[in-house]
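Visitor: Structure here, sequence nowhere to be found:
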DNA sequence: TTGTATGCGTTATCAA
DNA sequence: TTGATAACGCATACAA
């Protein structure tokens, strides 16, 4: 193998093979009209020189980068990690690379990251925004001329985007009714910020369950604020200190559960005996807790894969209408929920 | 604001401002030699046209992409998610984007992904390979002409790379000695594949502890194979079925713990009473388990940040020698470890 | 089927 | 301080 120049270009391949630059390009892009002899000469030269394509140049010329921007608010959250993994694998198998950016729950970074991804000329954007309603963020999204897929997020006035989300309302409704069935009435709901749709949908499902049971909706026990463990802990502390404390707590977010459990433990409040607990997303923590914790489960890796799927679909046929898909949730009943004796 | 052509280029900015293309470039790159008047004219035109830079073209011309490849084996593993988050944030703040690729514990994909990242002309590579020893992978790495930082991985014959890793041997030594102190002797060690260094280092620390205690090293209780929960579960099943089963199990990997606990639960073997358990990495599962589980902790987010730091360092001064850094571990003693009464 | 020539949008060199 | 112009490496329209 020849080893003079590192990083040879197509030009050098062409001259070594004694053919035109364009012929090299045709061979490498498996253009139909190339003779076998030409193909061989070129491939030999490629081999000899150790030629490697420059995808940056190729991107500039073609006008597409084969790159998808992925914007999440916190990759350390297992749910987002699953989204990322599921989507990344699917995209990779379709020949796309993923540019990952982390907004860190900071709505202003959403905006900056979208702009950066646009400047990088990504072919598409998959995102779980930190804030669905921020006008500046939405303006940035609108400037994007490539397909957008929202992952568990909804932005009005962006009808061109596809959406993949879990059926949070239905999941929360069934979880709440499970507790109501068990005679619980003082049920608390802790969930994330109202800036994004999932907590709002969870609240809607929560309310719906009370309506269906014709039971009074415990407005004083609903706390929407943040998905962080700290918020879960602080809020649970507060709830336990109430004159008429809850007999059940629903943690509307997987990280929240950590905080809820910390608080309950500190208060020596026994899960499944003194208080019922339900959480969202089936983590090892829920399964292996003593007692095991009832959860509203969903297939997060599959959601990531589907997001990629919707993206590939739009990339393949830009004129087809965007799709809005729901992934089901299912209630996994465990020992943390128990009948309240009247 | 003018709104004819979308995606105007510098050329159009130049003609609207009535200046040369090169002047536009100088203004946008804040070259020192530009008059205020020129700057204003150009910036006005930029504003009017809604000009946005094309980072692909810029990359081609400059010969650098301001992009770092990040290759991990499983983003769904919280440890890798933390690495990714820590590194991503630091890189972002330095103006670099991250191209994330997932090898999915498949050594052959390591190779393909490295090649792809090279073709994409990343300015550097941070990686936790699935297999440190695979010759084809190492060959691909050697073709890389940009800085490499290994995250908890070691590849011999690649002296140009920086390394950031946790002190697994020391962590495991202290964990093992903790158990030996408590009179345990039949201590099992379950950890990942020998294809990567951490399990090997953990084993070394494990052995060292026995040597220091002049206690017989229980070779039959050591099982290195994979980091998956399944492996943890299967292996624990086997260990419990032994004629002379372990009185303590060390799970050398955070995902393994899930499997270990599943097995113990199925066998009705009580953690902290019938068997002592130690795990690696301080997850919510360990903290909130009943009883809470003793762990070998390390700051994984910080490791990611440091990896980015070492990368930026090499990018800034390519001729400086690579750095090899260790992050300490510390043993967090909880109720899952107890004295064995003789 | 192959070759020639042009341009993708920048940055950098050189003169002016 | 500014302008003209030549690359960067590739893909493609067009001619042969």
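Guide: Yes, it's here. None of the values given here were measured: they were computed from a predicted structure. Numbers count the residues shown, from 1 in each chain, chains lettered A, B, ... in the order given.
Visitor: State the distance from residue A:211 to residue A:204.
Guide: Remark: distance between residue A:211 and residue A:204 (C-beta to C-beta, to the nearest Å) = 10 Å. The way it works is simple: take the backbone N, C-alpha and C, and place the C-beta from them, glycine included.
Visitor: The two: which is more packed in?
Guide: Set side by side, residue A:211 and residue A:204 give different neighbour counts by other C-beta atoms under 10 Å in any protein chain shown, the larger being at residue A:204 (16 against 10).
Visitor: for the stretch 1-150 of chain A, what spans make up the helices?
Guide: A:10-17, A:21-28, A:36-49, A:55-62, A:78-93, A:107-119, A:135-143 (DSSP state H, counting those that start in this stretch).
Visitor: Please identify the most buried of these.
Guide: Stretch with highest mean neighbour count among the helices of the stretch 1-150 of chain A: helix A:78-93 (a mean of 24; mean count of other C-beta atoms under 10 Å in any protein chain shown).
Visitor: Any chance of TSV for the helices of the stretch 1-150 of chain A, columns mean pLDDT and distance to residue B:86?
Guide: Shown next, in TSV, are the helices of the stretch 1-150 of chain A (pLDDT from 0 to 100; distance: least, C-beta to C-beta, whole Å):
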stretch	mean pLDDT	distance to residue B:86
helix A:10-17	96	39
helix A:21-28	97	38
helix A:36-49	97	39
helix A:55-62	98	27
helix A:78-93	97	13
helix A:107-119	96	16
helix A:135-143	96	25
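Visitor: Quick one: low-confidence residue ranges for chain A.
Guide: Segments of chain A classed as low confidence (criterion: pLDDT under 70) are A:1-5, A:342.
Visitor: Run through the residues of it sitting next to DNA strand C.
Guide: Contact residues, chain A versus DNA strand C (C-beta under 7 Å from any atom of the strand): A:18-23, A:26, A:32-35, A:37-38, A:57, A:60-61, A:63.
Visitor: Which positions in the host helix or strand of residue A:232 come out as buried?
Guide: Per DSSP states H and E, residue A:232 falls inside helix A:229-240. Applying a neighbour-count criterion of 16 or more other C-beta atoms under 10 Å in any protein chain shown, one finds A:229, A:231-237, A:239-240 buried in helix A:229-240.
Visitor: Now those residues in CSV, please, with extra columns for distance to chain B.
Guide: CSV is the format used below for the buried residues of helix A:229-240 (distance: C-beta to the nearest C-beta, whole Å):
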residue, distance to chain B
A:229, 8
A:231, 15
A:232, 11
A:233, 12
A:234, 17
A:235, 17
A:236, 13
A:237, 16
A:239, 18
A:240, 17
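Visitor: so which two of those residues are the farthest from each other?
Guide: Greatest spatial distance in those: A:229 and A:240, 16.4 Å, computed using C-beta to C-beta.
Visitor: which residues sit in contact with the closest residue to DNA strand D within the stretch 101-250 of chain A?
Guide: Using C-beta to the nearest atom of the strand, the closest approach of the stretch 101-250 of chain A to DNA strand D is made by residue A:121 at 13.2 Å. Under the criterion of C-beta atoms under 8 Å, 6 or more residues apart in numbering or on different chains, the contact list for residue A:121 reads A:59, A:64-65, A:67, B:54-56.
Visitor: cutoff 10 Å now
Guide: A:59-60, A:63-65, A:67, A:69, A:145-146, B:7, B:52, B:54-57, B:59 (C-beta atoms under 10 Å, 6 or more residues apart in numbering or on different chains).
Visitor: So which of those is the closest to residue B:284?
Guide: When the contacts of residue A:121 are compared for distance to residue B:284 (C-beta to C-beta), residue A:69 comes out closest, at 30.0 Å.
Visitor: can you tell me how far that closest one sits from residue A:123?
Guide: As it turns out, when the distance is counted by C-beta to C-beta, residue A:69 lies 9 Å from residue A:123.
Visitor: again with residue A:294
Guide: Plainly put, residue A:294 is 42 Å away from residue A:123 if you go by C-beta to C-beta.
Visitor: start to end distance for stretch A:227-247?
Guide: For stretch A:227-247, the first-to-last residue distance is 22 Å (C-alpha to C-alpha, to the nearest Å).
Visitor: ok, back up a step: which of residue A:69 and residue A:123 has more neighbours?
Guide: Between residue A:69 and residue A:123, residue A:69 has the larger neighbour count (other C-beta under 10 Å), namely 26 against 19.
Visitor: isn't the more buried one right up against residue A:102?
Guide: No - with contact defined as C-beta atoms under 10 Å, residue A:69 and residue A:102 do not form a contacting pair (11.9 Å).
Visitor: intersection of neighbour lists for those two?
Guide: What both residue A:69 and residue A:102 touch, as defined by C-beta under 10 Å, 6+ apart, is the set residue A:113.
Visitor: who are the neighbours in contact with the residue of chain A most remote from its centre?
Guide: For chain A, the residue at maximal distance from the C-alpha centroid (C-alpha atoms, centre = their mean) is residue A:18, at 50.3 Å. Counting by C-beta under 10 Å, 6+ apart, residue A:18 makes contact with A:41-42, A:45.
Visitor: Could you find the closest non-adjacent residue to the residue nearest in space to the middle of chain A?
Guide: Ranked by distance to the mean C-alpha position of chain A (C-alpha atoms, centre = their mean), the top residue is residue A:83 at 4.2 Å. Excluding its sequence neighbours, the residue lying closest to residue A:83 (C-beta to C-beta, 6 or more residues apart in numbering or on different chains) is residue A:304, at 4.1 Å.
Visitor: who's in contact with the one you found?
Guide: The contact partners of residue A:304, taken as C-beta under 10 Å, 6+ apart, are A:70, A:79-91, A:126, A:151, A:164, B:75-76.
Visitor: repeat for residue A:247
Guide: When contacts are counted by C-beta under 10 Å, 6+ apart, residue A:247 touches A:179, A:182-188, A:274-276, A:338, A:340.
Visitor: Go through the residues you listed and say which is closest to residue B:311.
Guide: Within these, the smallest distance to residue B:311 is 45.3 Å, found for residue A:188 (C-beta to C-beta).
Visitor: ok, back up a step: can you list residues touching both of residue A:69 and residue A:123?
Guide: The contact sets of residue A:69 and residue A:123 overlap at residue A:146 (C-beta under 10 Å, 6+ apart).
Visitor: can you count the residues close to residue A:341?
Guide: Count around residue A:341 with other C-beta under 10 Å applied: 6.
Visitor: can you tell me how far it sits from DNA strand D?
Guide: Note on residue A:341: its distance to DNA strand D, by C-beta to the nearest atom of the strand, to the nearest Å, is 72 Å.
Visitor: need the contact list for that residue.
Guide: Contacts for residue A:341 were tallied using C-beta under 10 Å, 6+ apart; they are A:182-183.
Visitor: what kind of secondary structure is it in?
Guide: Residue A:341 carries the three-state label coil when classified by DSSP: H, G, I helix; E, B strand; the rest coil.
Visitor: For chain A, what lies in contact range of DNA strand D?
Guide: Taking C-beta under 7 Å from any atom of the strand as the contact definition, chain A meets DNA strand D at A:7, A:9-11, A:21-22, A:25-26, A:28-29, A:53-54, A:57-58, A:60-62.
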